[in-house]
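>>> Got a sequence here, can you build the structure:
(2 chains)
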Amino acid sequence: MIEIKDGLLGNTAGYDLNSLGHRCKELSELNFKKYFLFVGDQIGLGFDSPIYETFPYLISKKLNHNYYNLCVFNGGADAIKYNTISWLFKYKQIMPKAIFVASEFVNSLIISDNNLTYLGPADYNDDVIKDFADGSNNIGFYRGRNHLLTSLITNNINVPIYYLNLKDKEQLFDDKVFVVDYTGDLRNQTAISNKFIELYSQNNSVARP
Amino acid sequence: MKIYDKFIGDDNAGNIVKYAGSDTLEDLERNLPHTPEDWYYKNIDITYDFNEYGHRCKSIKNIDLDNYVLLTGCSNTAGCGLEYEKSYPYLLGKSLNCDYYNLSLIGTGLDVLEYNLLTWLNTVEKKPKFIIIQWPDPTRFADYDKERDNLIPVGTWASKKNDHYKKFFASGDMSGFFTARRHLITRLLRQVITVPIYTISLSNLVTSDHYSIPYRILDRARDLYHPGIKSHEALHKLLLENIAINI
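Down below sits the predicted model:
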């Protein structure tokens, strides 16, 4: 399930989650002076690995930054939008040095019941969800949703964005961000962190005379 | 619709057109023989004057940002089928003696409404006195045509096209996706907006907002579909009453 706490969408189940349902330190412990923000889904949560082997941890450690991990399991585009925009409005004056986006299933859906007794990721084995996904694919719902999300983020957030473009997965951003193409094993958090670090370091290297 | 620099607006940005949305010349010509002799719209010219962002109001640079109200919604707030001076946003601005900016777009859904409102709040430094949100049909969305860089409004009217649309609307409702989407958008907007909000709902639409002011359709506009002059006047009065209570 997914919950909204302190204005952010978080996970209700998983390992090493903080009180808001995010796989990182408590928000109150974040040093806002020098930090990265991570958004996306399970790939950025890395539940298969201990927290100190996940790419948000590895990147931040290597580049000597603090970090906050807003990834939501199967949250899809809607969770990326909710958390990124909410963060922007909450912490506009203390935005991160960079935002890293990685989503394995960007077309995931968050559903509820009529009384809003819960929020949670849709089950793609459910026939109704299959129908919805099929309809959505054929009438441009995902295409429009993803375009609005990327435009909203890139037009409103003035922070470098690094996007992990995964082979054979729906691509979210295609311009105005730094795209890191990745074709390797999705569970290899070290390889993913190395790819991100490589591009980040290139962009931030000081040219010597 | 298009994304112009910052905001999403009508295709006709910077232009004045005679017809828009469901208010078409073809429908008018077809309906005319069946309307009463004294039908208001028989001899009235309606113009849709879109500013540089494709919004039916003054340009942002001509708005007094120290004294303005922000409105958003769909065709019901854009004043489809109506002279703009008869629409409730215009009447409200006049009654309150302040400027207003109308982000509403014909055919729009929650996604575009959310986009424009968030972008306004993030990029326009001076905040409005209050914001009026007229909730559109929560099943609507914008498709994107990459080749033409256009956003295409999609709503239940598209169900006639093929079964994929019917499947989408039915399963989106049954699965609880539309409920969750509506809730998340409402919640995010309420979270980031720091000025008073008045919300309006057409009586036939479900919203995630229990405090909405009802938008009753008392008559019809020129397209014989959207709310007409009396409906806009009544909503304007209702809004003034609600605003007065809070002041």
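>>> Please tell me how far the residue lying closest to B:Leu32 once chain neighbours are set aside sits from B:Thr35.
Taking Cβ to Cβ, 6 or more residues apart in numbering or on different chains as the measure, B:Leu32 lies nearest to B:Lys42, with 7.2 Å between them; neighbours along the chain are not counted. Any C-beta I mention is one placed from the backbone N, CA and C, and that applies to glycine too. According to Cβ to Cβ, to the nearest Å, B:Lys42 stands 7 Å off from B:Thr35.
>>> overlap in contacts of the two?
Between them, B:Lys42 and B:Thr35 have no joint contacts when contacts are counted by Cβ atoms under 8 Å, 6 or more residues apart in numbering or on different chains.
>>> and stretch B:177-190, which residues are buried?
Under the neighbour-count criterion of 16 or more other Cβ atoms under 10 Å in any protein chain shown, stretch B:177-190 has B:177-189 buried.
>>> Out of these, which sit inside helices?
The members of the buried residues of stretch B:177-190 that map onto helices under DSSP state H are B:177-189.
>>> tell me the contacts of A:Ser103?
Taking Cβ under 8 Å, 6+ apart, we find A:Ser103 in contact with A:40-41, A:43-44, A:76-77, A:80, A:164, A:169, A:172.
>>> Give me the subset of those that lies in helices.
Cross-referencing these with the helices (criterion: DSSP H) gives A:43-44, A:76-77, A:80 as the overlap.
>>> by contact count, what packs against the host helix or strand of B:Thr119?
B:Thr119 belongs to helix B:110-123 when elements are defined using DSSP states H and E. The helices and strands touching helix B:110-123, judged by 3 or more Cβ pairs under 8 Å, 6 or more residues apart in numbering or on different chains; DSSP states H and E, are helix A:76-90, helix A:141-156, strand B:7-9, strand B:68-72, strand B:131-135, strand B:141-145, helix B:177-192.
>>> would you put the C-alpha positions of it in PDB?
These are the backbone C-alpha positions of helix B:110-123, laid out as PDB (Å, rounded to 0.1, in the frame of the first residue of the first chain):
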ATOM      1  CA  LEU B 110      -7.700  17.400 -14.100                       C
ATOM      2  CA  ASP B 111      -4.200  16.800 -15.600                       C
ATOM      3  CA  VAL B 112      -4.000  20.000 -17.500                       C
ATOM      4  CA  LEU B 113      -5.800  22.000 -14.700                       C
ATOM      5  CA  GLU B 114      -3.200  20.700 -12.300                       C
ATOM      6  CA  TYR B 115      -0.300  21.500 -14.700                       C
ATOM      7  CA  ASN B 116      -1.300  25.100 -15.200                       C
ATOM      8  CA  LEU B 117      -2.200  25.800 -11.600                       C
ATOM      9  CA  LEU B 118       1.100  24.300 -10.200                       C
ATOM     10  CA  THR B 119       3.100  26.200 -12.900                       C
ATOM     11  CA  TRP B 120       1.300  29.400 -12.000                       C
ATOM     12  CA  LEU B 121       1.900  29.000  -8.300                       C
ATOM     13  CA  ASN B 122       5.600  28.200  -8.900                       C
ATOM     14  CA  THR B 123       6.400  30.900 -11.400                       C
END
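>>> what's in contact with it?
A:85, A:88-89, A:144-145, A:148, A:151-152, A:155-156, B:1, B:6-8, B:70, B:72-74, B:101, B:103, B:105, B:127, B:131, B:133, B:135-136, B:138, B:140-142, B:151, B:153, B:181-182, B:185, B:188-189, B:192-193.
>>> quick revisit: reformat the ones in helices among the buried residues of stretch B:177-190 as JSON lines; add pLDDT.
Converted to JSON lines, these look like this (pLDDT from 0 to 100):
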{"residue": "B:Phe177", "pLDDT": "95"}
{"residue": "B:Phe178", "pLDDT": "94"}
{"residue": "B:Thr179", "pLDDT": "93"}
{"residue": "B:Ala180", "pLDDT": "95"}
{"residue": "B:Arg181", "pLDDT": "95"}
{"residue": "B:Arg182", "pLDDT": "93"}
{"residue": "B:His183", "pLDDT": "94"}
{"residue": "B:Leu184", "pLDDT": "96"}
{"residue": "B:Ile185", "pLDDT": "96"}
{"residue": "B:Thr186", "pLDDT": "94"}
{"residue": "B:Arg187", "pLDDT": "95"}
{"residue": "B:Leu188", "pLDDT": "97"}
{"residue": "B:Leu189", "pLDDT": "97"}
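>>> With respect to chain A, which of those residues is nearest?
Ranking these by separation from chain A, with Cβ to the nearest Cβ as the measure, puts B:Ala180 on top at 3.9 Å.
>>> For chain A, which segments count as strands?
Ranges of strands in chain A, per DSSP state E, are A:2-5, A:8-11, A:35-40, A:66-69, A:98-102, A:110-112, A:119-121, A:161-166, A:178-182.
>>> Next: chain B.
B:2-4, B:7-9, B:16-17, B:48-49, B:68-72, B:99-102, B:131-135, B:141-145, B:150-154, B:197-202, B:213-215.
>>> Just give the strands next to the first one in its sheet, each with its orientation.
Think strand B:2-4. Strand partners for strand B:2-4, identified by DSSP bridges, are recorded as strand B:7-9 (antiparallel).
>>> what's the weakest-modelled helix or strand in chain B?
Of the helices and strands making up chain B, the lowest-confidence element is strand B:213-215, at a mean of 89, by mean pLDDT, DSSP states H and E.
>>> what residues does chain A put near chain B?
By Cβ under 8 Å from any Cβ of the partner chain, the part of chain A that sits against chain B consists of A:4, A:7, A:78, A:82, A:85-86, A:88-89, A:109-114, A:116, A:119, A:122, A:126, A:128-129, A:131-132, A:134-136, A:138-141, A:143-145, A:147-148, A:151-152, A:155-156.
>>> Select only the buried ones of those residues in PyMOL?
Listed next is the PyMOL selection for buried residues among the residues of chain A next to chain B, using 16+ other Cβ under 10 Å:
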select buried, chain A and resi 4+7+78+82+85+86+88+89+109+110+111+112+119+122+128+129+131+132+135+136+139+140+141+143+144+145+147+148+151+152+155+156
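>>> thinking again about what came up before, got the buried residues for the least confident helix or strand of chain B?
Judged by neighbour count (16+ other Cβ under 10 Å), strand B:213-215 contains these buried residues: B:213, B:215.
>>> What helices and strands are in contact with that strand?
Using 3+ Cβ pairs under 8 Å, 6+ apart, strand B:213-215 sits against strand B:197-202, helix B:229-246.
>>> Spatially, what comes nearest to B:Lys129 if we skip its sequence neighbours?
Closest residue to B:Lys129 apart from its sequence neighbours, by Cβ to Cβ, 6+ apart: B:Val69 at 5.6 Å.
>>> about what we covered before: the residue nearest to B:Leu32 against B:His34, yeah?
No: with contact taken as Cβ atoms under 8 Å, B:Lys42 and B:His34 are classed as non-touching, separated by 11.8 Å.
>>> Tell me which of the two has more neighbours.
The residue with the greater number of neighbours, taking B:Lys42 and B:His34 and applying other Cβ atoms under 10 Å in any protein chain shown, is B:Lys42; the counts read 12 against 8.
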